[in-house]
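# The following comprises the amino acid sequence and a computationally predicted model.
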Amino acid sequence: MILIIEGMDRCGKTTLISNLRKNYFSNHKTIVHHSSAPPKCVADKNAWEVDHYTDLAKTFHRLSANEGYDIICDRFHLGAMVYGMRYRGLQPHTIFEVDRDVISCREEKNIALVLLTDYADAIMARNDGESIETTTAEFDNTRTEFTNFFNYSMIPNKLHINITDNGGFQNTYPTVEEFLNGIRNG
């Protein structure tokens, strides 16, 4: 399975991934990939992002379908769209082409996208100062952008969890586990 965990800072992506590795993905062939920005020396950041996510998606599909790996992505293409558009001038339509042509439209049916968001006041109450966003407006804008890009994604297996609406962090893992079991059981 390929599982992409996307979302805002301070919404529990890392904790969810840790719990999934401990409790759900028992396969010794499990890879966790953390997405990153283009190197500073890259002149055309749009081209780099498209090539980067295309190559990764193809590799992940091959490893999952042919070699039995489970792959968990700690952010992937949606994070690149949200933060790339805001900070690097990325054109999101180029990454949507990757979503359409490479990530979601492959023979591999065991691909899922989970988006974690929350309300600005809830995130700000637990903010440790490491988030890119610092104001209510910035957090609200980031949530809206992630949600919009999530809705446009062509990945067929998608789950959006608002942490507060879902009853808090303690409910995130069970909700995702149920979602993943539904995909695996077809």
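Received the coordinates, thanks. Numbering: from 1, shown residues only.

# mind listing what's buried in the lowest-mean-pLDDT helix or strand in the chain?
Every helix and strand in the chain was compared by mean pLDDT, DSSP states H and E; the lowest is helix 92-98, with a mean of 79. Neighbour counts over helix 92-98 (16 or more other CB atoms under 10 Å) mark 92, 94-96, 98 as buried. All C-beta spots, glycine's among them, are computed from the backbone N, C-alpha and C.

# now swap in stretch 134-145 and tell me
Here stretch 134-145 shows 139, 142-143, 145 as buried, counting by 16+ other CB under 10 Å.

# which one is Asn27 nearest to, not counting chain neighbours?
Distance criterion CB to CB, 6 or more residues apart in numbering; nearest residue to Asn27, sequence neighbours excluded, is Asp70 at 4.9 Å.

# Pretty sure Ser26 is one of the things the one you found touches, is it not?
No - Asp70 sits out of contact with Ser26 when judged by CB atoms under 8 Å, with a separation of 9.0 Å.

# Compare neighbour counts for the two and give me the winner.
More crowded of Asp70 and Ser26, by other CB atoms under 10 Å: Asp70, with 21 against 9.

# Tell me what that one is bridged to.
Thr30 (DSSP bridges).

# coming back round to it: with secondary structure and distance to Asn181 as new columns, can the buried residues of stretch 134-145 be given to me in JSON lines?
Putting the buried residues of stretch 134-145 into JSON lines (DSSP: H, G, I helix; E, B strand; the rest coil; distance: CB to CB, whole Å) gives the following:
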{"residue": "Phe139", "secondary structure": "helix", "distance to Asn181": "31"}
{"residue": "Thr142", "secondary structure": "helix", "distance to Asn181": "30"}
{"residue": "Arg143", "secondary structure": "helix", "distance to Asn181": "27"}
{"residue": "Glu145", "secondary structure": "helix", "distance to Asn181": "30"}
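
# ok, which pair from those is furthest apart?
Phe139 and Glu145 (10.9 Å; CB to CB).

# Show me what the lengthiest helix in the chain is in contact with.
In the chain, assigned by DSSP state H, the helix with the most residues is helix 45-67. Contact with helix 45-67 is made by 1-2, 29, 31, 33, 38-39, 42, 69-71, 73, 76-77, 80, 84, 88-91, 94-95, 97-98, 101-103, 106-108, 110, as judged by CB atoms under 8 Å, 6 or more residues apart in numbering.
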